[in-house]
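Trainee: structure here, sequence nowhere to be found:
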């Protein structure tokens, strides 16, 4: 009864969330904060559940974003972005939460990234992991060096990879001290007494 | 009967319930139903970096950080606006998002994220918004939603008193953070309008005079004592505190009154 246009309601909520985003502990963009408040989180991939289920990515886009997330947070002795299901998280957050203009920029950004990465050499998806890491690093460095009206694609992809990973089950339990609610609050604990130095809030 | 559909929801249901007795909405003899919409004045937050204390962090969870109660227009303090505001804030070590716009990646990024970042402190002012008759919601019967019901049109803005208060809210926060010795104090100046704090209230205010209010002191509709309205709509002023506990306390009080009146056969 306050209006049946869901997208305009979402836009209003987003405007509100711009103001609360900082409460989540840092520099998180409003749509990303909205997604977390809506319970959107990465979950471990189910075998066989592949790019066919993509809601946002088209064609090779899923593979490209998967490759970027993999070199940003690779599997080492602990889980990486792909173990946490980050590509599906980015697909879903883009489809369900980001406004149309940001979706269009992200989609165009993937394609531009791919053509830029492949210019004069191997296509991005044909590169090995070391080459891909160098390509992504170069794109990040270039984006950080420039002035932009809108956040460049590679930095949006980076923010969402970090957000997806560090709010996922494996990202939290392997990197932070995780204790389920309810629990006591201790406001001044020496790091030397903490099993892990970052506490999941 | 207890109506508890949120401030705008309850006002909507009452405005949309008309009869020959209540042609302008149920219980609306005073003409105040849907009027006096309030929220909390919240024009941005202030943040700063805190140096040191890098060998300590925190564990567990709590509902709140720190709270600075209202001090403006209290005692001898007199400002050029009415009422005042409090601050809610917290200190925290910055998390993984501090790496968002950095070049770090791969195994090095994972390693760095195992350590908490520098301490930051942030606080947000919550201020009182005065009840203005002009701030109101009404039914638009010419525009219907998908259920065929009229739309609710909300017309509410902050006025001179709130805008003057915002200046103090920002300046005081910056002054306190500076005086505490914190670094890189930033004061965000967000455009604020009624509704942004999602504490809407006041649309069926309580009062002693049925000519000026919708509900009596027990949340009963003045002209229809077996109807209780127990959400934020009853609030005659907004205070500067988070309102949920007040709503709950008044609801418990109204329910207690209802039981006692029922037992006496008055309802």
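Mentor: Noted; the coordinates are in hand. Here the structure is a predicted model, which is why all the values come from computation and not from measurement.

Trainee: make it CA atoms for all contacts and neighbour counts henceforth
Mentor: Fine.

Trainee: and the host helix or strand of residue B:248, what's buried?
Mentor: Following DSSP states H and E, one finds residue B:248 within helix B:244-263. Judged by neighbour count (16 or more other CA atoms under 10 Å in any protein chain shown), helix B:244-263 contains these buried residues: B:247, B:250-251, B:254-255, B:258.

Trainee: outside of that helix, which residues touch it?
Mentor: Among residues not part of helix B:244-263, those counted as contacts by CA atoms under 8 Å, 6 or more residues apart in numbering or on different chains are B:218-220, B:228, B:230-232, B:267.

Trainee: put the buried members of those residues into a ChimeraX selection.
Mentor: Applying 16+ other CA under 10 Å to the contacts of helix B:244-263, the buried members can be selected in ChimeraX as follows:
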select /B:218,219,220,228,230,231,232
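
Trainee: so of the contacts of helix B:244-263, which ones are in helices?
Mentor: Counting by DSSP state H, the contacts of helix B:244-263 place none of their members in helices.

Trainee: pLDDT-wise, what's the bottom of the contacts of helix B:244-263?
Mentor: Lowest in pLDDT among these is residue B:267, which has 89.

Trainee: didn't that residue look like it was pressed against residue B:225?
Mentor: Yes. The pair residue B:267 / residue B:225 is scored as a contact, 7.3 Å apart, by CA atoms under 8 Å.

Trainee: which residues of chain B lie near chain A?
Mentor: B:44-45, B:55-62, B:92-98, B:100-103, B:105-107, B:109-110, B:113-116, B:145-146, B:149-153, B:190, B:196-197 (CA under 8 Å from any CA of the partner chain).

Trainee: ok, now with 7 Å
Mentor: Residues of chain B lying near chain A by CA under 7 Å from any CA of the partner chain: B:44, B:55-62, B:94-95, B:97-98, B:100-101, B:103, B:105-107, B:110, B:114-116, B:145-146, B:149, B:151-152, B:196.

Trainee: ok, of those residues, which come out buried?
Mentor: B:44, B:56-61, B:94-95, B:97-98, B:100-101, B:103, B:105-107, B:110, B:114-116, B:151-152, B:196.

Trainee: those strands in chain A, which residues are they?
Mentor: With DSSP state E, the ranges of strands along chain A come out as A:186-190.

Trainee: grab the most central residue of it for me.
Mentor: Computing the C-alpha centroid of chain A and ranking residues by CA atoms, centre = their mean puts residue A:160 first, at 1.6 Å.

Trainee: and that one, what does it touch?
Mentor: residue A:90 (CA atoms under 7 Å, 6 or more residues apart in numbering or on different chains).

Trainee: try it again with 6 Å
Mentor: Residue A:160 makes no contacts at all, as judged by CA atoms under 6 Å, 6 or more residues apart in numbering or on different chains.

Trainee: what's the pLDDT at it?
Mentor: 96.

Trainee: distance of it from residue B:20?
Mentor: 58 Å (CA to CA, to the nearest Å).

Trainee: what do you get for residue B:83?
Mentor: Counting by CA to CA - residue B:83 and residue B:20 are separated by 41 Å.

Trainee: these two: which is more packed in?
Mentor: residue B:83 (21 against 7; other CA atoms under 10 Å in any protein chain shown).

Trainee: leaving out chain neighbours, which residue sits closest to the more buried one?
Mentor: residue B:73 (6.0 Å; CA to CA, 6 or more residues apart in numbering or on different chains).

Trainee: and the one you found, how many neighbours?
Mentor: If you count neighbours by other CA under 10 Å, residue B:73 ends up with 15.

Trainee: which residues make contact with stretch B:27-43 from outside it?
Mentor: Contacts for stretch B:27-43 (CA under 6 Å, 6+ apart): B:11, B:125-129, B:131-133, B:135-137, B:190, B:192, B:194-195, B:197, B:199-204, B:211-212, B:221.

Trainee: should've said stretch B:120-130
Mentor: Here stretch B:120-130 makes contact (CA under 6 Å, 6+ apart) with B:38, B:40-42, B:45-50, B:84-92, B:169, B:238-240.

Trainee: show me what counts as buried in stretch A:163-174.
Mentor: Counting neighbours by 16+ other CA under 10 Å, one finds that the buried residues in stretch A:163-174 are A:163-173.

Trainee: all strands of chain B, in order?
Mentor: Under DSSP E, chain B gives strands at B:2-3, B:40-41, B:45-50, B:56-59, B:66-68, B:85-93, B:119-128, B:136-144, B:150-155, B:183-187, B:220-221, B:224-229.

Trainee: among these, which is the most enclosed?
Mentor: Among the strands of chain B, ranked by average contacts under mean count of other CA atoms under 10 Å in any protein chain shown, first place goes to strand B:40-41 (a mean of 30).

Trainee: and the pLDDT at residue B:4?
Mentor: 97.

Trainee: what is the neighbour count of it?
Mentor: Neighbour count for residue B:4, taken as other CA under 10 Å: 16.

Trainee: which ones are touching residue B:234?
Mentor: Neighbours of residue B:234 in contact, by CA under 6 Å, 6+ apart: B:202, B:204-206.

Trainee: so which of those residues is surrounded by the most neighbours?
Mentor: Among these, the one with the most neighbours (other CA under 10 Å) is residue B:204, at 33 neighbours.

Trainee: what's that one in contact with, if anything?
Mentor: Listed by CA under 6 Å, 6+ apart, the contact partners of residue B:204 are B:33, B:214, B:233-234.

Trainee: now list the buried members of those residues.
Mentor: Counted by 16+ other CA under 10 Å, the contacts of residue B:204 give B:33, B:214, B:233-234 as buried.

Trainee: would TSV of these with distance to residue A:103 and pLDDT be doable?
Mentor: Formatted as TSV, those follow (distance: CA to CA, whole Å; pLDDT from 0 to 100):
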residue	distance to residue A:103	pLDDT
B:33	42	98
B:214	47	98
B:233	39	98
B:234	42	98
